[in-house]
Every structure is written in C-alpha cells, then in structure tokens.
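>>> Model the following, please.
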Amino acid sequence: MAGIVAETQTDRHRLLLELPLAPMAKASSRNMNPDYQAAIGTSIARARLLVGWSKKELAAAVDRDEAQISRWEAGKERPQFDALWAVAVFRAPFVIALAELAKDGIEISTEIRIRRSA
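Here you go, the predicted structure:
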C-alpha cells in the first residue's frame, strides 16, 4: 500500500506541484451593488407585508432570527433566497415584490375570482 499513496511532496507528480491552487468562490455582499441589495431587502419587506407577517413570523418560517431578517430587509446582508423560497406561502408575494422592482416591461395585475357554490 505504501507504493500507491505518495508519502511526501516529492513523491507526487511534478506537474501537479506546478499547478496553482484555484481560489475558492465565495458569495459576498461586497460584490453586490448596494442599491440592488437595498432594493431586494425592500422586496423582502414588501412580500412579508403582503403575507401579513411580522419579522418574527418570517424569521420563524425560515428558521432564522429576527435580527437576520432585519439585516436582509435593510440591505446590510445578502438574503438567503433558498430559505425564503422554501416557504411556500411566501413565494408568490416575493415574486410579486421582485417584479415590482423591475418596472420596465412588467405589468402586475391582481385578479380575484369568486365562484358561487351550488
């Protein structure tokens, strides 16, 4: 078994030693335009109000603390979209709130249909 696994760096293939290590990709709010981050935070707050929830209720639904929801809504921290999307009741209002940001070429309408029971 000792012949298969390289025990020291000099036992490894020379070309592998010459390859640079690739940097790790990291999502950071520093790379995000502050205006966009604030706008997305406003969309989260808008969607939360459309659902009729407090910050505490949204925090419980996404299993985060209320302070983190406040940071997302204030645009101070990049929101975790997968956590928000995992809450089924929050999806449609969140999509509506994000669509309201786009404005150009998007028309938002609300239709209410009432069916009479027989």
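
>>> C-alpha from now on. contacts and neighbour counts both.
Noted.

>>> Can you show me the helices along this structure?
Per DSSP state H, the chain carries helices over the ranges 14-18, 34-51, 55-62, 66-74, 81-85, 88-102.

>>> Okay, now the unreliable bits of this protein?
Within the chain, the stretches with pLDDT under 70 are 1-32.

>>> Try it again at 80.
1-34, 103-106, 108, 110, 118 (pLDDT under 80).

>>> which other residues reach stretch 60-72?
Contacts with stretch 60-72, where a contact means CA atoms under 8 Å, 6 or more residues apart in numbering, come from 41, 44, 55-56, 58-59, 77-79, 83-84, 86-87.

>>> 6 Å instead, please
The contact list for stretch 60-72, computed with CA atoms under 6 Å, 6 or more residues apart in numbering, reads 41, 55-56, 59, 77, 79, 83.

>>> Between those, which sits nearest residue 110?
Nearest to residue 110 out of those is residue 41 (CA to CA; 22.7 Å).
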